[in-house]
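# build me a model from this:
(one chain, ligands or ions: 1)
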Amino acid sequence: MALYSEKVMDHFTNPRNVGKIDDADGVGEVGNAKCGDIMKIYLKVDENQIITDVKFNTFGCASAIASSSMATCLIKGKPISEAIELSNKAVVEALDGLPPVKIHCSVLAEEAIKAAVKDYYDRNGIDYDPETFKEKVVD
Ligand code: FES
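Residues are numbered from 1 along each chain as shown. Predicted structure coming up:
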């Protein structure tokens, strides 16, 4: 079996939503200290708390790029409340799997989105449960 699924290869070679949003409503940046990869997510959110646009910049491995691309596809057009529910597991499933040693790359995508939502909440003085933004511990 190939190490990477066709979907991973597709989102790695043709990543969706790459870039930066200059007037973003929320920005999240996370990194993994072990591999050194960095992911940045930009959100545009309308008055109904719908994510109207999302972009990412990832300096990392193929799995991190594919995970960022898939994660942005999964939250675009969705309410913020759904975006913070997006788990790395859902990203992995949508990619038809990742090798076990690459699961942490999908966690980076989940955390980057959460960091961007937290930034959006902080900028707008919206209360939230800090538990929602607790870091996941994954090797
Ligand atoms: Fe670290 Fe992929 S190897 S994010």
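# briefly note if stretch 3-15 comes near the ligand.
No. Counting by C-beta under 6 Å from any ligand atom, the ligand is not contacted by stretch 3-15; separation bottoms out at 11.0 Å. Bear in mind the C-beta positions are built from the backbone N, C-alpha and C, glycine included.
# list the contacts of stretch 117-124.
With contact meaning C-beta atoms under 8 Å, 6 or more residues apart in numbering, stretch 117-124 is reached by 25-28, 43, 45, 80, 83-84, 126-128, 133.
# would you mark the buried spots in it?
117-121 (16 or more other C-beta atoms under 10 Å).
# most centrally placed residue in the chain?
residue 109 (3.1 Å; C-alpha atoms, centre = their mean).
# residues touching it, list them.
39, 64, 67-68, 70-71, 88, 91.
# that one and the ligand: what is the separation?
9 Å (C-beta to the nearest ligand atom, to the nearest Å).
# okay if I get the buried residues of stretch 117-124 as a markdown table plus distance to residue 103 and pLDDT?
Listed next are the buried residues of stretch 117-124 as a markdown table, based on distance: C-beta to C-beta, whole Å; pLDDT from 0 to 100:
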| residue | distance to residue 103 | pLDDT |
| --- | --- | --- |
| 117 | 22 | 97 |
| 118 | 23 | 97 |
| 119 | 25 | 97 |
| 120 | 27 | 98 |
| 121 | 27 | 96 |
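# now, which of these lie close to the ligand?
Of those, not one also sits near the ligand (C-beta under 6 Å from any ligand atom).
# in CSV, list those along with distance to residue 3 and secondary structure.
What follows is the buried residues of stretch 117-124, written out as CSV (distance: C-beta to C-beta, whole Å; DSSP: H, G, I helix; E, B strand; the rest coil):
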residue, distance to residue 3, secondary structure
117, 32, helix
118, 34, helix
119, 34, helix
120, 36, helix
121, 38, helix
